[in-house]
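Visitor: Build me a model:
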Amino acid sequence: MRATISIALFVMVLIACQATLTAQGPFISPACKRNCNVSDGSCIAAEQTCQVKLDLYNTYMAQLSAGVTMSQLPQLYIDVLQPHYRAADLRSWRFGFSDRQPANNATTDCSNTYFNNRSFVDKLRAGTLTDTSDFSWLFHEMQHFVQCTRLGSRGAYAKMWFDQLETTFIQNNNLATLHDRMPMEGDADATANTVVGATNGSRDSEGRLFRAISLELLRNHQIIPTSGAIASITQTLQLITARVTGFSTPPTIDWSIKRPSQLFAPAAGSGTNGTELQWAPNEAGTHQIRVTVNNASPTNGMSRIVSFNVLAAGQLPPGAPPPQDVYENPTVIPKLQQVRLLVTVQRGGQTATAPINVCVIDNETQEVYSRALIQRGLGTFTVRKNRSIKVIISGGGGFRGVQRIVQMGEAQQQITITQSSGTGPPFCGIS
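Guide: Below is the predicted model:
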């Protein structure tokens, strides 16, 4: 932790503790008030000693803060971090650069923190911190602000600092470890560690904070409820829009569509960053549209599926594409590991025209990439690169089942499988 006790302030504390001093003037801070009986000399002396310490504290903080430009946290940081500091309003915390303290030191004076690292302060003002150690430093000092808020006043915070310093010094007078052994420092360290862990999912690939991801779907500019209710539509062109907020950098948006009795198939988005999908349902039944949103960081993303009940009424718009036999694996494969396998099924020397069950499975791990009913003897499947893949063409309809092993590499492959007349396994069931 980049924070140390100021030697100058500590020496003043020792003087205050070891000498019999009287506060200047009649004023005693509420933090030092003990409601002493006028005849209780020891109580009055304790009040005055406490006030002397607070006067020294105020003197030190006055020189530390002189001429310092103070700033508020960027709104993004307030939005992301406020839930982790519920005991204080982060809009009230201020920070600035002050080099009247040891290098790379930070001093928190209740709601004001002074960092002796100009680069750190500049990045914090701009909201461009990226290093975990910098976030840890920030979160530590912000917890001191929380401590002061809980105590109710700057004077009470200063008194706590003095009290813990003296007690810790009495327990062990090692100045090298004195600061870090104070209970308030242990609390700040623990909070910093907790918040660093809790905000890992709110940082992009460069380490910057971003707001919580929000994904909202609209159909023809009307918000689609998140209740999962099925909307009835006709077979006409639909405009589906993904409204995404919360990323610090533009996200990637992937669309896929599941037609009746099929698996999800990739679909091409349009608009800015692929936020729009123009979709013309080409058959009656329940269709599902899935949008997956990802940031550059692999830990940050979300997806949503919406279902539509497509009515038989209506006509396809001119130029609407026919159904596509393109099938996506039911499990998620990272994009860098994906490769396409194109399968053509032939019967009697021609591409099959009847529906055929096809299973695509990892030959070693038995991971099921797809179980699909292809309609016209052509199917495109997503599998993992550099894997041995088992393709099963199910028997039925007067043709024998076929099994084929394909060794995938880095590039797309295309294979042709021929079914012969007859009956028998293997079989591929559609779940």
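Visitor: what is the rounded mean pLDDT of stretch 55-73?
Guide: When pLDDT is averaged over stretch 55-73, the result is 96.
Visitor: Can you mark which positions in it are buried?
Guide: Neighbour-count burial for stretch 55-73, counted by 16 or more other CB atoms under 10 Å, picks out Asp55, Leu56, Tyr57, Tyr60, Met61, Leu64, Ser65, Val68, Leu73. Every C-beta, even on glycine, is put in place using the N, C-alpha and C of the backbone.
Visitor: Kindly export that stretch (C-alpha atoms) in PDB.
Guide: Provided in PDB are the C-alpha atoms of stretch 55-73 (Å, rounded to 0.1, in the frame of the first residue of the first chain):
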ATOM      1  CA  ASP A  55      -4.800  21.900  16.200                       C
ATOM      2  CA  LEU A  56      -1.600  20.200  15.100                       C
ATOM      3  CA  TYR A  57      -3.600  18.100  12.700                       C
ATOM      4  CA  ASN A  58      -5.300  21.200  11.300                       C
ATOM      5  CA  THR A  59      -2.000  22.900  10.900                       C
ATOM      6  CA  TYR A  60      -0.500  20.000   9.000                       C
ATOM      7  CA  MET A  61      -3.500  19.600   6.700                       C
ATOM      8  CA  ALA A  62      -3.500  23.300   6.000                       C
ATOM      9  CA  GLN A  63       0.000  23.200   4.600                       C
ATOM     10  CA  LEU A  64      -0.600  19.900   2.800                       C
ATOM     11  CA  SER A  65      -3.700  21.400   1.000                       C
ATOM     12  CA  ALA A  66      -2.400  24.900   0.300                       C
ATOM     13  CA  GLY A  67      -2.900  25.700  -3.400                       C
ATOM     14  CA  VAL A  68      -4.100  22.200  -4.300                       C
ATOM     15  CA  THR A  69      -6.700  21.900  -7.000                       C
ATOM     16  CA  MET A  70      -9.300  19.500  -5.800                       C
ATOM     17  CA  SER A  71     -11.500  17.400  -8.200                       C
ATOM     18  CA  GLN A  72     -14.600  15.200  -8.000                       C
ATOM     19  CA  LEU A  73     -14.600  11.600  -9.100                       C
END
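Visitor: Distance from that stretch to the middle of the chain?
Guide: 35 Å (CA atoms, centre = their mean, to the nearest Å).
Visitor: now swap in stretch 392-411 and tell me
Guide: Stretch 392-411 has its C-alpha centroid displaced from the chain centroid by 41 Å (CA atoms, centre = their mean).
Visitor: Just the buried residues of whichever strand or helix holds Lys123, please?
Guide: In this assignment (DSSP states H and E), Lys123 forms part of helix 118-126. Residues Phe120, Val121, Lys123, Leu124, Arg125 are the ones in helix 118-126 that count as buried (16+ other CB under 10 Å).
Visitor: any chance of those residues in TSV, plus distance to Leu239 and pLDDT?
Guide: Compiled in TSV, the buried residues of helix 118-126 are given as follows (distance: CB to CB, whole Å; pLDDT from 0 to 100):
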residue	distance to Leu239	pLDDT
Phe120	46	98
Val121	47	98
Lys123	41	97
Leu124	42	98
Arg125	41	97
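Visitor: Of those residues, which is the nearest to Thr365?
Guide: Of all the buried residues of helix 118-126, Lys123 has the smallest distance to Thr365: 44.8 Å, by CB to CB.
Visitor: What residues does that closest one make contact with?
Guide: Leu129, Thr130, Asp134 (CB atoms under 8 Å, 6 or more residues apart in numbering).
Visitor: Which ones among these lie within helices?
Guide: Secondary structure from DSSP state H places Asp134 of those in helices.
Visitor: okay, the contacts of Lys123 in TSV with pLDDT, neighbour count and distance to Ala198 next?
Guide: Formatted as TSV, the contacts of Lys123 follow (pLDDT from 0 to 100; neighbours: other CB atoms under 10 Å; distance: CB to CB, whole Å):
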residue	pLDDT	neighbour count	distance to Ala198
Leu129	96	20	16
Thr130	95	13	17
Asp134	97	17	16
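Visitor: Quick one: the contacts of Lys123 as TSV, columns for distance to Arg150 too.
Guide: Formatted as TSV, the contacts of Lys123 follow (distance: CB to CB, whole Å):
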residue	distance to Arg150
Leu129	26
Thr130	31
Asp134	25
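Visitor: Give the next helix or strand downstream of the helix or strand of the chain with the lowest mean pLDDT.
Guide: Scoring the helices and strands of the chain by mean pLDDT, DSSP states H and E places strand 326-327 at the bottom, with a mean of 42. Where DSSP H and E defines the elements, the next helix or strand beyond strand 326-327 is strand 338-347.
Visitor: could you pull out the helices for the protein?
Guide: 7-18, 41-65, 75-81, 118-126, 132-151, 154-171, 175-178, 183-198.
Visitor: Return the most buried member of those helices.
Guide: helix 132-151 (a mean of 20; mean count of other CB atoms under 10 Å).
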